[in-house]
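In: the sequence and its predicted three-dimensional model are supplied below.
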Amino acid sequence: MTDIFILKNSAPVSEEQAVLLPRWRRRRLERLRYAAAREASLGAGLLWRYAMESHGIHPEEPVRFLQAGKPVFAQREDVHFSLSHSGPYAMCAVSDRHVGVDVQQIKPVHLSVARRFHFRERDWLAEQPPAEQIGAFFRIWTRKEAWVKAVSHDQLLSLDQEDVIHGVSGWQFGEYDLDGEYLAAVCARWEEKLPVPKILSPQELLAELKGPCPELG
């Protein structure tokens, strides 16, 4: 089963809330120099903790990083997660199957970047009306990033390896329009139906997190 959580960080959380993060997210936060990046990372880390605790998973469960930088649990294979953030949004999925998520701001982009895509994706993009091509590009991009996160283990993957628009055998995609300015996607192993994401405000999130992460006993 897959659950999806989205945080709209419209009222930014204070860096004082960093004490609520698990150690691996605090270390990541400490390496960031710019305030906007720290704010986004903090919100994403708090959402991650909420998602784990909602599944009965201790937030200090050891995490390791794969070759491409993807975090996974170091000592258990029964729980998978993925985390992404962009602007005021953070997204997290937790599942008993491999899963990946991505959030992107829809903004002007040079469509020559699409040459990295699968040839069928490039053909589909070229068929879209000119006024819709930027949105179509980000439909491919968010799905592609989510697929890479879901599929990659200890190997690096090429963006032209699969056609995520027309379907990938054994996988399913969910797509979410966030206020018309951001687009989010999830890629998960096939199940009956992906759930509707649970959308949280910072206030709702903080109300559920009860103090600093407890020690893993």
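Out: Looks like it came in fine.
In: so, low pLDDT: which residues of the chain?
Out: Within the chain, the ranges that satisfy pLDDT under 70 run 11-12, 154-157, 192, 217.
In: how about the strands of it, start to end?
Out: Using DSSP state E, the strands of the chain run over 2-8, 63-65, 71-73, 80-86, 89-95, 99-105, 171-178, 182-189, 198-200.
In: and those strands: which comes nearest Thr142?
Out: Closest to Thr142 of those, according to C-beta to C-beta: strand 182-189, at 3.7 Å. The C-beta positions use only the backbone N, C-alpha and C, and glycine is treated the same way.
In: tell me the helices and strands packed up against that closest one.
Out: If you count contacts as 3 or more C-beta pairs under 8 Å, 6 or more residues apart in numbering; DSSP states H and E, strand 182-189 packs onto strand 2-8, strand 80-86, strand 89-95, strand 99-105, helix 133-151, strand 171-178.
In: buried set for stretch 1-8?
Out: Neighbour counts over stretch 1-8 (16 or more other C-beta atoms under 10 Å) mark 2-8 as buried.
In: so can I have a markdown table of those residues showing distance to Leu66?
Out: Shown next, in a markdown table, are the buried residues of stretch 1-8 (distance: C-beta to C-beta, whole Å):
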| residue | distance to Leu66 |
| --- | --- |
| Thr2 | 20 |
| Asp3 | 22 |
| Ile4 | 21 |
| Phe5 | 22 |
| Ile6 | 24 |
| Leu7 | 24 |
| Lys8 | 29 |
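In: Ser84: which of those is nearest?
Out: Nearest to Ser84 among those, with distances taken as C-beta to C-beta, is Ile6, at 10.1 Å.
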